[in-house]
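# Let's see this in three dimensions:
(chains A and B)
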Protein chains: 2
Amino acid sequence: MRLHSNPASPFGRKVMVSAHELGLAERITVDDHLLSPVEPSAAVIADNPLGKLPTLVLDNGHALYDSRVICEYLDHLAGGNRLFPQAGEARWRTLTLQALGDGMMDAALLARYETFLRPEELRWQAWVEHQKLKVQRGLDWLERNVDQLAEEPDIGSITIGCALGYLDFRFGADKWRDGRARLAAWFARFAARPSMQATTPRQM
Amino acid sequence: MRLHSNPASPFGRKVMVSAHELGLAERITVDDHLLSPVEPSAAVIADNPLGKLPTLVLDNGHALYDSRVICEYLDHLAGGNRLFPQAGEARWRTLTLQALGDGMMDAALLARYETFLRPEELRWQAWVEHQKLKVQRGLDWLERNVDQLAEEPDIGSITIGCALGYLDFRFGADKWRDGRARLAAWFARFAARPSMQATTPRQM
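Predicted coordinates:
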């Protein structure tokens, strides 16, 4: 399998953390691409018309995206119901946690595009503030509900772990740990996992 | 169940089309909210820290989001594997089609925010163009692969139907049907379904 990704992408990291946890990392060849919403990559577009990372290309040539679909596919390949609980209350809770982490990453990426990609004279402060508020409310919710984060990884805790790692990588100055000691303690343990250590974000 | 939504939201429509197809629409009370990324709603935030629509609140008070999670939950409630195929090739293809439709709606919404919400002097033409290119490449892919769109609804075809409906609602001037006769013919049939007719988008 080939994965279109980028070592700075939190969604790409989510796929690779899942692959490591499932014992599938060595079956995936990663093709890293430098791209942005205004500088797409023709190689990625050939497999995914949205031009987004991550996109997984199977050996039969079929492409799967986005990260949610790829992670569930990998889980199935590894026997199923390891990172994704079976239908029932645990599944809806875990999938909603994944949606929270994905939404925090989406908001953080929009804030990043606004402050790094967009020409300086076209930046809108209210947009950045409100995207960051989404992240902060997510963090506050997680601090209150940290017991929902499994110590053993599932797709919920993996996604939240990648979201927090992305905040450290791009928004360290915002000090997300301040006032959130329980979440910080959970992340310190989770970030020590080999799957997280093997996927530390970096600029390409 | 209560659904936080808005009659103009393509993701909210996706949930309600699914509910109609599954025979569950009458069990859902819809609370419509006027909000935007820079004018959040406290009532929505109380159930979803991201403040996003749609969010489903179950009778036990638990909240589920986003649209993918809600639709899969509703499918389970209706017996399971009606809109979401079981694990296997059909599932990955259908979920990737859903991701394509979601990605087209995300791109269209970002183009809409840029051209309606953002102060005029802060608009970036390249951003709008590239978001619209994502939509156009998605449309071109669908025109070439229209056989992947089931005539009977599943979560893939429902999401694509809602994406096309959103383009008609907000970007009619872009004439997406031009040069895409097969996709236009598919949508004409799909849009005639009672589930689609009952959920025509409108400004609140």
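# residue ranges with poor pLDDT in chain A?
Residues of chain A meeting the criterion pLDDT under 70: none.
# biggest helix in it by residues?
helix A:89-112 (DSSP state H).
# any idea which element the closest residue to residue A:184 other than its chain neighbours lies in?
The spatially closest residue to residue A:184, leaving aside those adjacent along the chain, is residue A:177, at 4.1 Å (Cβ to Cβ, 6 or more residues apart in numbering or on different chains). C-beta coordinates here come from the backbone N, C-alpha and C atoms, glycine included. Per DSSP states H and E, residue A:177 falls between elements, in no helix or strand.
# How many residues are close by residue A:177?
17 (other Cβ atoms under 10 Å in any protein chain shown).
# quick one: it and chain B, what's the gap?
18 Å (Cβ to the nearest Cβ, to the nearest Å).
# ok, back up a step: run through who's touching the helix or strand that comes right after the longest helix of chain A.
Counting by DSSP H and E, the element after helix A:89-112 in chain order, helix or strand, is helix A:125-144. Residues external to helix A:125-144 that are found in contact with it (Cβ atoms under 8 Å, 6 or more residues apart in numbering or on different chains): A:100-101, A:103-104, A:107-108, A:110-111, A:114-115, A:149, A:160, A:163, A:167, A:171, A:174, A:176, A:179-180, A:182-183, B:37-38, B:40, B:45, B:49-51, B:118.
# Dump helix A:125-144 to PDB, restricted to CA.
Output of helix A:125-144 as PDB, limited to C-alpha atoms (Å, rounded to 0.1, in the frame of the first residue of the first chain):
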ATOM      1  CA  GLN A 125      -8.300  38.400  13.200                       C
ATOM      2  CA  ALA A 126     -11.900  37.300  14.100                       C
ATOM      3  CA  TRP A 127     -11.500  34.200  12.000                       C
ATOM      4  CA  VAL A 128      -8.300  33.100  13.800                       C
ATOM      5  CA  GLU A 129      -9.800  33.900  17.200                       C
ATOM      6  CA  HIS A 130     -12.900  31.800  16.600                       C
ATOM      7  CA  GLN A 131     -11.100  28.800  15.100                       C
ATOM      8  CA  LYS A 132      -8.800  28.900  18.200                       C
ATOM      9  CA  LEU A 133     -11.900  29.100  20.400                       C
ATOM     10  CA  LYS A 134     -13.100  25.900  18.900                       C
ATOM     11  CA  VAL A 135      -9.800  24.300  19.900                       C
ATOM     12  CA  GLN A 136     -10.000  25.700  23.400                       C
ATOM     13  CA  ARG A 137     -13.500  24.600  24.000                       C
ATOM     14  CA  GLY A 138     -12.500  21.100  22.800                       C
ATOM     15  CA  LEU A 139      -9.600  21.100  25.200                       C
ATOM     16  CA  ASP A 140     -11.800  22.300  28.100                       C
ATOM     17  CA  TRP A 141     -14.300  19.500  27.300                       C
ATOM     18  CA  LEU A 142     -11.500  16.900  27.300                       C
ATOM     19  CA  GLU A 143     -10.100  18.200  30.600                       C
ATOM     20  CA  ARG A 144     -13.600  17.600  32.100                       C
END
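# what comes up buried for it?
Applying a neighbour-count criterion of 16 or more other Cβ atoms under 10 Å in any protein chain shown, one finds A:127-128, A:130-135, A:137-139, A:141-143 buried in helix A:125-144.
# Identify the structural domains in chain A and state their residue ranges.
Taking automatic domain parsing as the reference, chain A has its domains at A:2-77, A:89-195.
# Of those, flag the one that's most buried.
domain A:2-77 (a mean of 20; mean count of other Cβ atoms under 10 Å in any protein chain shown).
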